[in-house]
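**Q** here's a sequence, model it:
(chains A and B)
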Amino acid sequence: MRCNVTGLMLCLLFLIGWSETALCGAAPPPKRIISLAPAMTEIIFSLGLGERVVGVTTVCDRPDEARSKTKIGGMANPSLEAIVALKPDIVVMTSDGNPKAISERLRKLGIRTHVFKSRRLPEIPAGIREMGQTLGAQPPADVLAGNIEKAIRDVSSSLRGKSSRTNNGGGRKALFVIWPSPLIVAGPGTILDDAMKMSGLRNIAADGKVAYPRFSVEAVIERQPDLILIGKGHDDMKTLAKGFLKSINMLDAVKKGRICFMDDALYRPGPRIPVGMAELDRCGKMP
Amino acid sequence: MKRDNSSTFLIAAALCAASLCIILVSVASGPRLLNPFILDSETCRTLLAIRLPRTAVALLMGGALGASGAILQGIFRNPLADPYILGISSGASLAASFGLMFGISLFTLSVPILAFIGAIATGAAVVILGHGWKGLQPERLLLAGVGIGFFLSAVLMLVMTISVDDGLKRAILWMSGDLSMVDWELLPAGLLLILGGLGLALTRRRGLNALTLGDDIAHSLGFNPIRERLFLFIAASLMTAASVSMGGVVGFIGLVVPHVVRRHVGSDAVVVLPLSVVAGGTLLCVADAIGRTVAAPLELPAGVIAALIGSPYFIYLLGQRKTH
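**A** Purely as a prediction, here's the structure:
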């Protein structure tokens, strides 16, 4: 199609801020979805909408089908052009990892966005239900949210029996290592911290001021965690963590081998939360 | 280095023509090569809403940095002076990073405005601290700039260390000159400030030429070195602050472009200032086009690419000068 008068008018309309006029009223369920975060991709696929996904980020690696989707760039700096070229009906993003500027810019470009705002574990089911409603997949979203709620209930109920037996009322002291060198751990306000609390573990970095604090090794030794949890990274964490574990080898946790290498299920607020909770529960019960 | 007017004019005309071609090719290239002769509605949309604002901002930023570098190297008589040596970038980075990392984004323009305030406040602090009993002396001003710059960078590092959070990655991108999110919104204000700064500098071009010869000679030529230096410093700060607030910190251009321009056309400010604008703008424009094209859909920061392609040429030029 050659650039004619209509085309130019469209461009002009676009420039003077035409954006959300078409979105009033009930919008039809989107057919072309772009996901801007790995967790969002996992949720969309588990809602059975994988076929409708037309674009994902370069870090969206789960499920396997997501790897073959068109890439639109990274989480913090996706390519606007690549997004526009895929003509999405909706772009799904998260407030935890995608900069706010992207959603503002996309809205100005007349592209509908859905921002997943749940950052804490108990908020995730509601976030998934809301997303299901936007994407026109309410029933599967209810099932997925229900599964996560059940997983939370399960660990909480097993904890009720346990906490009455421990005299300090909180169970084992634990540390969740995100990266061993420099030491970065899970602090307050994170899904990991919530999951640890719900599994009856006391996060020794819960007073860390920021979500993922750089923690001092001395503080770890002083606070004597009973259990060290080590999350999954891009590289072999067992090799990477050797130096850190050596520097804290006087702690009971290391002597008794209560070091638990975990998967990345709890890193992402998505369908693998129940798996992550069960894994954390198993680690918490290490002898 | 004295050159006759006609050869300077020829070189300037050739540079402008080459820049124009390079800019056109840059606009067309990206994740998808745009054919300017077949404009369907999608091409129109990509062009008007994404490519053109990026290109315009890159041209403005690069141009402003090139001109500021030329001014500052002149008033300090120091080939190492650049828009960032005076701590202006550190001030802007600190203010913008606060906005990005602590989510102070009440409205869309809050980060650019924070960056602008940070840059201007740092510039003012440098002038106040650099003002000795003999007025604005180049060495004192430079040292005040370097000192304040180091202090602000340290504060920035501190803020980044204690906040390992979502805004961090955006802040790092911002500090390496990321143009991927710019739109038309920032352009009018940026254009106005940069044209203002450039205009002020051009009215003081004779003063700038005199200052490069030394304060005593400038004085004997009838200029007040302190006043000229202050006006030119204000012009450079204004342009740098506007540039930083539009697309973050882009190093290299302000330092190197004026040297390259002077190498070709001599050191008369009347020629060096406008040509630094053209060359700086073109370089950043190309760098941004390469950054969005080579690893598409990944966006590589324009500032990083500018330094990667510009440095080898600069080193080549240095080698050439030695052999002459």
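
**Q** gap between the lengthiest strand in chain A and the chain center?
**A** Counting residues, the longest strand found in chain A (DSSP state E) is strand A:173-179. When C-alpha coordinates are averaged (Cα atoms, centre = their mean, to the nearest Å), strand A:173-179 and its chain have centres 17 Å apart.

**Q** partner strands of it, with direction?
**A** strand A:184-185 (antiparallel), strand A:202-203 (parallel), strand A:227-230 (parallel) (DSSP bridges).

**Q** ok, and the closest non-adjacent residue to B:Gly69?
**A** Closest residue to B:Gly69 apart from its sequence neighbours, by Cβ to Cβ, 6 or more residues apart in numbering or on different chains: B:Gly254 at 3.4 Å. C-betas here are computed from N, CA, C, even on glycine.

**Q** contacting residues around the helix or strand harbouring that neighbour?
**A** Under the criterion of DSSP states H and E, B:Gly254 resides in helix B:253-265. Contacts to helix B:253-265, defined as Cβ atoms under 8 Å, 6 or more residues apart in numbering or on different chains, come from residues B:1, B:3, B:8, B:11-12, B:15, B:62, B:65-66, B:68-70, B:72-73, B:79-80, B:82-84, B:240, B:271-272, B:275-276, B:279-280, B:283-284, B:306, B:310-311, B:313-314, B:317, B:321.

**Q** the stretch 101-250 of chain B: helices as residue ranges?
**A** When secondary structure is read from DSSP state H, counting those that start in this stretch, the stretch 101-250 of chain B shows helices at B:110-129, B:138-162, B:166-175, B:187-203, B:205-211, B:215-220, B:225-247.

**Q** now the ones you listed as CSV including mean neighbour count, mean pLDDT and distance to A:Lys197?
**A** Below are these laid out as CSV (neighbours: other Cβ atoms under 10 Å in any protein chain shown; pLDDT from 0 to 100; distance: least, Cβ to Cβ, whole Å):
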stretch, mean neighbour count, mean pLDDT, distance to A:Lys197
helix B:110-129, 21, 85, 35
helix B:138-162, 16, 85, 23
helix B:166-175, 22, 70, 22
helix B:187-203, 17, 91, 48
helix B:205-211, 22, 89, 64
helix B:215-220, 15, 86, 68
helix B:225-247, 25, 87, 42
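
**Q** figure out which of those helices is closest to chain A.
**A** Closest approach to chain A among the helices of the stretch 101-250 of chain B is made by helix B:166-175 (4.1 Å; Cβ to the nearest Cβ).

**Q** so what's residue 86 scoring on pLDDT?
**A** No chain in the question, so chain A it is. At A:Leu86, the pLDDT value in this model is 91.

**Q** my bad, chain B
**A** Reading off the confidence values, B:Leu86 has pLDDT 78.

**Q** please apply the same query to B:Pro301.
**A** 85.

**Q** burial count for it?
**A** When neighbours are counted by other Cβ atoms under 10 Å in any protein chain shown, B:Pro301 registers 25.

**Q** look up the closest residue to it, ignoring the ones flanking it.
**A** Once its chain neighbours are removed from consideration, B:Pro301 has its nearest residue in B:Ser176; the separation is 4.0 Å (Cβ to Cβ, 6+ apart).

**Q** do A:Ser103 as well
**A** Nearest in space to A:Ser103, with sequence neighbours left out and distances taken as Cβ to Cβ, 6+ apart, is A:Thr113 at 4.8 Å.

**Q** contacts only, for that neighbour.
**A** Taking Cβ under 8 Å, 6+ apart as the contact definition, A:Thr113 lies against A:Ile90, A:Val91, A:Val92, A:Met93, A:Ser103, A:Leu106, A:Arg107.

**Q** so what sits opposite the third one in the bridge?
**A** Yep, that's A:Val92 we're talking about. A:Ser35, A:His114.

**Q** ok, it touching A:Ile33?
**A** Yes: under the criterion of Cβ atoms under 8 Å, A:Val92 is in contact with A:Ile33, at a separation of 6.2 Å.

**Q** anything in contact with each of the two?
**A** With contacts taken as Cβ under 8 Å, 6+ apart, the residues that reach both A:Val92 and A:Ile33 are A:Ile44, A:Leu135.

**Q** any figure for the gap between B:Arg32 and A:Asn147?
**A** From B:Arg32 across to A:Asn147, the span is 41 Å (Cβ to Cβ, to the nearest Å).

**Q** name the helices or strands packed onto whichever helix or strand comes after the helix holding B:Gly254?
**A** In the C-terminal direction, the helix or strand that comes right after helix B:253-265 (DSSP H and E) is helix B:269-293. Contact analysis of helix B:269-293 by 3 or more Cβ pairs under 8 Å, 6 or more residues apart in numbering or on different chains; DSSP states H and E lists helix B:5-28, helix B:52-76, helix B:187-203, helix B:205-211, helix B:253-265, helix B:302-323 as its packing neighbours.

**Q** tell me what angle helix B:269-293 forms with helix B:5-28.
**A** Using axes from the mean of the first three to the mean of the last three Cα atoms, to 10 degrees, the interaxial angle of helix B:269-293 with respect to helix B:5-28 works out to 20 degrees.

**Q** contact partners for the closest residue to A:Glu65 other than its chain neighbours?
**A** Once its chain neighbours are removed from consideration, A:Glu65 has its nearest residue in A:Gly50; the separation is 5.5 Å (Cβ to Cβ, 6+ apart). Each residue near A:Gly50 by Cβ under 8 Å, 6+ apart is listed here: A:Ile44, A:Pro63, A:Glu65, A:Ala66.

**Q** nearest to chain B, of the residues you listed?
**A** Ranking those by separation from chain B, with Cβ to the nearest Cβ as the measure, puts A:Ala66 on top at 15.2 Å.

**Q** spatially central residue for chain B, please.
**A** With distances taken as Cα atoms, centre = their mean, chain B has B:Leu65 as the residue nearest its mean C-alpha position (1.9 Å).

**Q** what pLDDT is listed against that residue?
**A** What the model reports for B:Leu65 is a pLDDT of 93.

**Q** so where do the helices sit in the stretch 101-250 of chain A?
**A** A:124-135, A:138-163, A:191-198, A:217-223, A:237-240, A:242-247.

**Q** what residue in the stretch 101-250 of chain A comes nearest to chain B?
**A** Of all residues in the stretch 101-250 of chain A, the one sitting closest to chain B is A:Tyr212 (4.4 Å; Cβ to the nearest Cβ).

**Q** so what's the residue count around that residue?
**A** For A:Tyr212, the number of neighbouring residues by other Cβ under 10 Å comes to 22.

**Q** give me the pLDDT value at it.
**A** What the model reports as pLDDT for A:Tyr212 is 83.

**Q** for the stretch 51-200 of chain A, which residues are neighbours of chain B?
**A** Within the stretch 51-200 of chain A, the positions adjacent to chain B are A:58, A:71-82, A:84-85, A:87, A:96-97, A:99-102, A:104-105, A:108-109, A:184 by Cβ under 8 Å from any Cβ of the partner chain.

**Q** out of these, name the ones that lie in strands.
**A** For these, secondary structure assignment (DSSP E) places A:Lys71, A:Ile184 in strands.

**Q** for the residue nearest to B:Pro301, which residues are in contact?
**A** For B:Ser176, the contact set (Cβ under 8 Å, 6+ apart) comprises B:Gly248, B:Val249, B:Pro301, B:Gly303, B:Val304.
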